[in-house]
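**Q** below is the sequence, then the predicted model.
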Amino acid sequence: MKTHGLRHLAKIATVAALVIGTATMAAPAQAATPRVTLVKGLSAANVRAAATTASKIVAVVKKDQYVTLLCYMRGQAVSGLYNRNDNLWYRIGTGKYISDTTVNTGGTRPVTPACTSTAPAPTAGRYNAGIVKAANAIKDGSYGGQCAIFVENMIRKAGGPSVALGSSNGSGYQTAWAKYATRIASLSQARPGDVVQYYTPGKGPHTAILLSGTSVATALERDSNFGVASTVGGAGDRKGGLVYTHRVRDVVSYFGTSSYMIWRLR
């Protein structure tokens with residue numbers, strides 16, 4: 001009887017252990033939100049209102065201070081102590097972004113999910129309708145000059161601010177817009193009259209005005225001095241500072257899928 005009782009107790013213990021083990025395994029694992037410090041050798045890092053050094057400094061992270069990385073997005077490419085031309089930024093709070101070059105994540109790959117948006121997108125900016133009207137008033141094939149100058153002129157015609165991008169021949173064009181405009185997260189949130197700013201190293205920058213569409217496949221833009229034959233209903237503008245309407249998919253095909261930012265004048 002003692003032997004039988006011991007065996008019975010052993011079976012109960014085994015079943016209990018299996019049940020407990022199964023319950024433990026069934027509990028979903030919670031993904032840890034990364035908490036990191038600054039990279040070695042850096043005493044402080046600026047936190048920005050947007051993913052660009054042209055935006056306002058809203059906080060400063062000090063050496064040995066921990067920050068929680070909530071999500072990532074692509075912004076201005078910057079260089080740090082250990083990596084160069086890094087366009088990865090992390091959101092660490094509402095309206096707070098820090099460059100990947102400054103935080104110790106163990107590499108250059110994102111360690112969080114992507115941010116779903118950079119900011120709530122209003123239905124349209126106060127200058128958007130006027131910008132589209134001014135751009136469409138220019139006849140196809142008319143001289144519009146350099147792409148950025150054409151867009152700056154259309155903004156002024158719409159009663160907007162006097163935008164001066166300078167003579168930057170690189171990613172500075174993209175970040176310069178932060179002084180005058182709010183960045184829109186994606187084409188799905190874009191509206192006619194928004195500015196599309198492209199940049200790819202080796203191919204230079206290009207500036208255009210969005211006319212319609214909410215995806216790369218459907219969107220159209222109005223610009224000047226785009227050097228690829230892809231105009232709607234025409235042979236195309238092979239530079240020469242001429243104004244045409246282009247398919248965004250053709251411009252993206254030339255510059256690359258991650259080459260553009262969308263801006264809305266404030």
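**A** Sure thing, it's come through.

**Q** which intervals of the protein have sub-threshold pLDDT?
**A** 1-32, 117-124, 166-171, 227-240 (pLDDT under 70).

**Q** how is it divided into domains?
**A** The chain breaks down by automatic domain parsing into domains covering 35-102, 128-265.

**Q** tell me how far the ends of the longest one are from each other?
**A** Taking Cα to Cα, to the nearest Å as the measure, domain 128-265 stretches 8 Å from start to finish.

**Q** likewise stretch 40-47?
**A** 18 Å.

**Q** quick one: it to chain centroid distance?
**A** 23 Å (Cα atoms, centre = their mean, to the nearest Å).

**Q** now swap in stretch 66-86 and tell me
**A** Using Cα atoms, centre = their mean, the offset of stretch 66-86 from its chain centre is 12 Å.

**Q** just the buried residues of that stretch, please?
**A** Neighbour-count burial for stretch 66-86 flags 67, 69-73, 75-78, 80, 86 (criterion: 16 or more other Cβ atoms under 10 Å). Bear in mind the C-beta positions are built from the backbone N, C-alpha and C, glycine included.

**Q** before we move on, what about stretch 245-261?
**A** Quick answer for stretch 245-261 (16+ other Cβ under 10 Å): 245-248, 250-252, 254-255, 259-261.

**Q** now swap in stretch 102-120 and tell me
**A** Within stretch 102-120, the residues that count as buried by 16+ other Cβ under 10 Å are 102-103, 105, 110-112, 115, 118.

**Q** doesn't residue 150 lie inside a helix?
**A** Yes. Secondary structure of residue 150 (DSSP: H, G, I helix; E, B strand; the rest coil): part of a helix.

**Q** how far away is it from residue 209?
**A** 8 Å (Cβ to Cβ, to the nearest Å).

**Q** what of residue 52?
**A** Here residue 52 is placed at a distance of 21 Å from residue 209 (Cβ to Cβ).

**Q** and for residue 181?
**A** For residue 181, the distance to residue 209 - Cβ to Cβ - is 12 Å.

**Q** could you do residue 90 as well?
**A** Residue 90 sits at a distance of 31 Å from residue 209 (criterion: Cβ to Cβ).

**Q** returning to that earlier point: anything in contact with each of residue 150 and residue 209?
**A** Counting by Cβ atoms under 8 Å, 6 or more residues apart in numbering, the shared contacts of residue 150 and residue 209 are residue 223.

**Q** report the contact partners of residue 96.
**A** 47-49, 58-59.

**Q** out of those, which is nearest to residue 142?
**A** For the contacts of residue 96, the closest approach to residue 142 (Cβ to Cβ) belongs to residue 49, at 38.1 Å.

**Q** surely the closest one and residue 95 touch.
**A** Yes. If you go by Cβ atoms under 8 Å, residue 49 and residue 95 touch, sitting 5.4 Å apart.

**Q** thanks again, I'm all set now.
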